[in-house]
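Chemist: turn this into a model:
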Amino acid sequence: MSRIGKKPIEIPSGVEIKIDGNVITAKGPKGTESVTFRDEVKVSVADNHIIVEPNSDDRKTNALHGLFRTLIANAVHGVSQGFEKKLEIVGVGYRANMEGTKLNMALGYSHPVIIEPPAGITLSVEANTKISVKGSNKQTVGDVAAFIRSKRPPEVYKGKGVKYEGEHIRRKAGKAGKK
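Modeler: Residues are numbered from 1 along each chain as shown. As a prediction, the model looks like this:
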């Protein structure tokens with residue numbers, strides 16, 4: 001049995017859980033998230049906890065048991081507290097600002113890089129070099145942050161580019177001088 005799947009998911013106050021067939025829906029202050037689970041697992045709500053149980057004891061079911069427990073826990077956490085990824089821009093002349101809901105970045109190209117956030121995602125800029133991506137869906141927040149980072153990934157010689165906050169860039173030595 002999956003060690004992660006055994007843990008019950010606590011339902012925080014202000015979050016409503018509804019199970020309809022193979023779909024569990026969490027509704028909270030940050031929005032609404034739905035997770036469709038497979039027939040290999042059984043989901044139930046008992047005294048302020050969500051319990052995910054496998055229907056059989058084979059290896060594939062154990063993997064799905066842990067997976068769906070984590071997906072449901074992420075949905076519950078997302079609608080109650082939300083998720084956030086922070087990015088940093090490093091480089092001379094590299095900066096970002098908000099134009100309405102769009103993110104406008106100067107990343108050393110001959111044109112500005114403009115990013116329109118998808119529904120449910122909010123972008124914000126602090127101090128021209130720090131970007132914050134917030135939302136209730138963990139996967140979408142990570143996808144948007146990775147998309148922004150892909151516009152100018154950090155390079156290994158000077159470390160210039162867009163990186164995650166706290167990300168360590170392994171630096172290479174430049175050209176070796178004459179001896």
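Chemist: only C-alpha atoms for contact and neighbour calcs from this point on.
Modeler: OK.
Chemist: quick one, longest helix in this structure?
Modeler: Secondary structure of the chain per DSSP state H: the longest helix is helix 59-80.
Chemist: can you list the domains in this structure?
Modeler: Annotated domains of the chain cover 3-80, 83-164 [automatic domain parsing].
Chemist: buried residues in the longest helix of the chain?
Modeler: 61-62, 64-80 (16 or more other Cα atoms under 10 Å).
Chemist: and that helix, what does it pack onto?
Modeler: Packed against helix 59-80 by the contact rule (3 or more Cα pairs under 8 Å, 6 or more residues apart in numbering; DSSP states H and E) you find helix 3-6, strand 23-28, strand 31-36, strand 41-46, strand 49-54, helix 138-150.
Chemist: from G66, how far off is the residue lying closest to E53 once chain neighbours are set aside?
Modeler: Distance criterion Cα to Cα, 6 or more residues apart in numbering; nearest residue to E53, sequence neighbours excluded, is K42 at 5.1 Å. Look at K42 and G66: by Cα to Cα, to the nearest Å, they are 12 Å apart.
Chemist: chain neighbours aside, what residue packs nearest to G120?
Modeler: Using Cα to Cα, 6+ apart and skipping the chain neighbours, the partner closest in space to G120 is G135 (5.9 Å).
Chemist: and I148, what is it in contact with?
Modeler: 115, 162 (Cα atoms under 8 Å, 6 or more residues apart in numbering).
Chemist: make TSV from the domains of the chain and add distance to K172 and mean pLDDT to it.
Modeler: Output for those, formatted as TSV (distance: least, Cα to Cα, whole Å; pLDDT from 0 to 100):
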stretch	distance to K172	mean pLDDT
domain 3-80	37	91
domain 83-164	5	94
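Chemist: CSV for these, including distance to A173?
Modeler: Putting those into CSV (distance: least, Cα to Cα, whole Å) gives the following:
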stretch, distance to A173
domain 3-80, 41
domain 83-164, 7
